[in-house]
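Trainee: Mind looking at a prediction? Sequence and model below.
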Amino acid sequence: MPNPQSAIRKPQSPPRFGLFGGSFDPVHLGHLMLANCCRQQATLDQIWFVPAAQQPLKPQGPQAADQHRLAMLQLACADDGAYAVSEIELRRGGISYTVDTLQAVRDEQPKAELFFLMGADSLADLPYWHRPAKICQLATPLVVRRAGTSEPDFEVLQGTLSTERLAEIRQSQVEMPATPISSSQIRESIAKGDPWREFVPAPVADYIQQHGLYGAR
């Protein structure tokens with residue numbers, strides 16, 4: 001894992017770290033906005049972007065190779081000391097289970113408060129993740145609700161978590177502006193030759209163009 005103390009001020013209380021997992025195929029401005037909203041509203045000291053080797057619920061796998069997704073994330077995070085990129089899941093290989101990643105971080109950072117960033121649309125799937133109760137024990141999910149969308153259904157976690165823990169997670173909800181951006185739409189736009197550069201950081205756009213990713217010409 002990256003060394004958080006090398007890039008940020010030393011917090012006076014236990015450090016608060018947010019982990020943001022996903023394919024990031026490619027990383028886009030919506031990802032960065034979500035991370036920034038979580039950092040501000042949950043007062044996080046640092047956010048670690050964790051590209052998955054193979055997401056359990058996406059068996060088809062990412063389109064871009066691991067080294068390209070990693071490089072694009074590093075470019076996107078280069079100018080913000082509160083962002084770091086972790087290769088923990090890429091190095092581990094195989095299916096990337098969130099619970100394994102959180103346990104590894106907990107073992108290395110036993111005093112830290114851990115948070116797990118996730119969109120409200122992923123909340124419905126959380127009970128079907130590998131060991132969801134353990135995930136919520138190791139870290140507090142920061143469920144992000146986009147403006148104009150319905151209230152997240154936290155009741156899907158009933159029976160999985162205690163009433164007290166469910167209330168804590170509900171109170172940790174994060175709000176963010178509407179961002180109609182998705183990696184799949186960006187990949188489709190690139191393949192079709194439609195405009196797409198405005199949806200990703202400029203260095204990432206240059207990298208995609210340079211390496212001809214997603215059919216870029």
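Mentor: Yes, it's here.
Trainee: For the rest of this, base every contact and every neighbour count on C-alpha atoms.
Mentor: OK.
Trainee: Return the residues in contact with L102.
Mentor: 135, 138-139 (C-alpha atoms under 8 Å, 6 or more residues apart in numbering).
Trainee: and with 7 Å instead?
Mentor: L138 (C-alpha atoms under 7 Å, 6 or more residues apart in numbering).
Trainee: What are the phi and psi values at it?
Mentor: Dihedral pair for L102: phi -60, psi -40, per degrees, to the nearest 10.
Trainee: Output the contacting helices and strands for the lowest-mean-pLDDT helix or strand in the chain.
Mentor: Lowest by mean pLDDT, DSSP states H and E among the helices and strands of the chain is helix 120-123, with a mean of 90. Judged by 3 or more C-alpha pairs under 7 Å, 6 or more residues apart in numbering; DSSP states H and E, helix 120-123 is in contact with strand 140-146.
Trainee: which residues touch the strand it packs on?
Mentor: 114-120, 152, 169, 172-178.
Trainee: Next, the buried residues of stretch 87-96.
Mentor: 87-90, 95-96 (16 or more other C-alpha atoms under 10 Å).
Trainee: just stretch 180-191 next, same as before
Mentor: Those would be 182-183, 186-187, 189-190, for stretch 180-191 by 16+ other C-alpha under 10 Å.
Trainee: State the mean pLDDT of that stretch.
Mentor: The average pLDDT within stretch 180-191 is 95.
Trainee: quick revisit: now that we have the buried residues of stretch 180-191, can you turn them into TSV and tack on distance to R146 and secondary structure?
Mentor: As requested, the buried residues of stretch 180-191 are arranged in TSV below (distance: C-alpha to C-alpha, whole Å; DSSP: H, G, I helix; E, B strand; the rest coil):
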residue	distance to R146	secondary structure
S182	13	coil
S183	16	helix
I186	19	helix
R187	22	helix
S189	23	helix
I190	25	helix
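Trainee: ok so, going back, and the contacts of strand 140-146, which of them are in helices?
Mentor: Counting by DSSP state H, the contacts of strand 140-146 place 120, 169 in helices.
Trainee: Just the buried ones out of the contacts of strand 140-146, please.
Mentor: Of the contacts of strand 140-146, these count as buried by 16+ other C-alpha under 10 Å: 114-120, 152, 169, 172-176.
Trainee: picking up where we left off before, in strands, which of the contacts of strand 140-146 appear?
Mentor: 114-119, 174-176 (DSSP state E).
Trainee: From the residues you listed, which shows the smallest pLDDT?
Mentor: Comparing these by pLDDT, G119 comes last, at 91.
Trainee: number of nearby residues for the spatially closest residue to it that is not a sequence neighbour?
Mentor: Leaving aside its chain neighbours, G119 sits nearest to V144 (4.8 Å; criterion: C-alpha to C-alpha, 6 or more residues apart in numbering). The tally of other residues near V144 (other C-alpha atoms under 10 Å) stands at 23.
Trainee: now the residue lying closest to R170 once chain neighbours are set aside: how far from P141?
Mentor: In this structure, R170 finds its nearest non-sequential neighbour in F154, 6.7 Å apart by C-alpha to C-alpha, 6+ apart. F154 is 11 Å from P141, where distance means C-alpha to C-alpha, to the nearest Å.
Trainee: swap in R187?
Mentor: 28 Å.
Trainee: same thing with D25?
Mentor: From D25 to P141 the distance is 22 Å (C-alpha to C-alpha).
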